[in-house]
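**Q** Here is a sequence together with a model predicted from it:
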Amino acid sequence: MKERFGQVIKAIRENNGWTLEEMAKKLGTTKQAISRYEHGERGPKLSVANDFAKKLGVPLSTLVDEEEPQTMSIADYTASFAPEVVEMLERSVKEGETRKQIRECKYQNQLKLIKIFDSLTDEGQNYLLQQAEIAKKMFREK
């Protein structure tokens, strides 16, 4: 990931004609840190990569995804979730709610999810956003 991240950061910086100092200022870091990223000497934490993506106006996946998309099996995909999340999803599927029930509680569930998301720490929100990106890719492959 760190090589891909550095390549993309450098390409964005050069395409915009920014110096290391200008890029560092925009991202709220030092020019030495940017240089280390660009040379593959350092890789970012996911929260840092997410922050940089927001500040640069690009999707997180642009900065951290491998160049060649990798396909994942369902087992690989579910392994990336916490066990309690997998259990909750399996239980929900097994209960087999009808379409009418889903429509009736759709908006209530959306509001609950928004409240839960807002209650998470920044790190928790970043983790959840990463999982959502993985889910979007998985469903695009089908």
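**A** That came through fine. Residues are numbered from 1 along each chain as shown.
**Q** What strand or helix carries Asp51?
**A** helix 46-56 (DSSP states H and E).
**Q** Residues contacting that helix, please?
**A** Residues outside helix 46-56 that contact it (CB atoms under 8 Å, 6 or more residues apart in numbering): 5, 9, 12, 26-28, 44, 59-60, 62-64, 122-123, 126-127, 129-130. Any C-beta I mention is one placed from the backbone N, CA and C, and that applies to glycine too.
**Q** and Leu63, what is it in contact with?
**A** 4-5, 8-9, 49, 52-53, 56.
**Q** where does the chain have its least confident helix or strand?
**A** Lowest by mean pLDDT, DSSP states H and E among the helices and strands of the chain is helix 74-79, with a mean of 52.
**Q** which one of the contacts of Leu63 is nearest Glu21?
**A** Among the contacts of Leu63, Ile9 lies closest to Glu21 (CB to CB), at 14.1 Å.
**Q** and that closest one, which of the three is it?
**A** Following DSSP: H, G, I helix; E, B strand; the rest coil, Ile9 is assigned to helix.
**Q** next one: the one 3 residues further on
**A** Secondary structure state of Ile12, per three-state DSSP, is helix.
**Q** how many neighbours does the residue lying closest to it once chain neighbours are set aside have?
**A** Distances taken as CB to CB, 6 or more residues apart in numbering put Leu56 closest to Ile12, at 5.9 Å, once the chain neighbours are dropped. By other CB atoms under 10 Å, the residues close to Leu56 number 18.
**Q** ok, Leu56 to Met23 distance?
**A** 9 Å (CB to CB, to the nearest Å).
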